[in-house]
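**Q** Structure of the sequence below:
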Amino acid sequence: MVAVDRIAPDPSHRGERLHYVRSDLGGIPLAAERFDLVLSFQVIEHLPDPGPYLDAIARVLRPGGTAVLTTPNLLLSERENPFHVHEYEAD
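**A** A predicted model of the protein is given here:
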């Protein structure tokens, strides 16, 4: 059984249909093909191997779903974040 750590969101972001879950990528407690859209903001540049992360996103997307990932553009960034494992360019 995967341990699920429910986190407390800001009270102003609560809602009946909103659920916040923090888990390990190896055991995301979400059903396969559950979402039409997955958003990932400023995460991939912190991962030494983004493959498992991208696989997890693909697993929970429904067929025809969309994944939107953002990351700083190396060509426009200050290149000073010590927590970035990889800096990506727009291409």
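**Q** Can you identify each of the strands in this structure by residue range?
**A** Along the chain, counting by DSSP state E, strands occupy 5-6, 21-22, 35-41, 61-70.
**Q** quick one: buried residues of the third one?
**A** Buried residues in strand 35-41, counting neighbours by 16 or more other Cβ atoms under 10 Å, are found at 35, 38. Using the backbone N, CA and C atoms, a C-beta is placed for each residue, glycine as well.
**Q** so what secondary structure elements neighbour it?
**A** Counting contacts by 3 or more Cβ pairs under 8 Å, 6 or more residues apart in numbering; DSSP states H and E, strand 35-41 is packed against helix 51-60, strand 61-70.
**Q** 6 Å - rerun?
**A** strand 61-70 (3 or more Cβ pairs under 6 Å, 6 or more residues apart in numbering; DSSP states H and E).
**Q** coming back round to it: wait, which of the strands of the chain is closest to residue 91?
**A** strand 61-70 (14.5 Å; Cβ to Cβ).
**Q** Quick one: mean pLDDT over that closest one.
**A** Summarised as a single mean, pLDDT over strand 61-70 is 96.
**Q** Based on its surroundings, how many neighbours for residue 45?
**A** 19 (other Cβ atoms under 10 Å).
**Q** ok, it to residue 77 distance?
**A** Going from residue 45 to residue 77 by Cβ to Cβ, to the nearest Å gives 9 Å.
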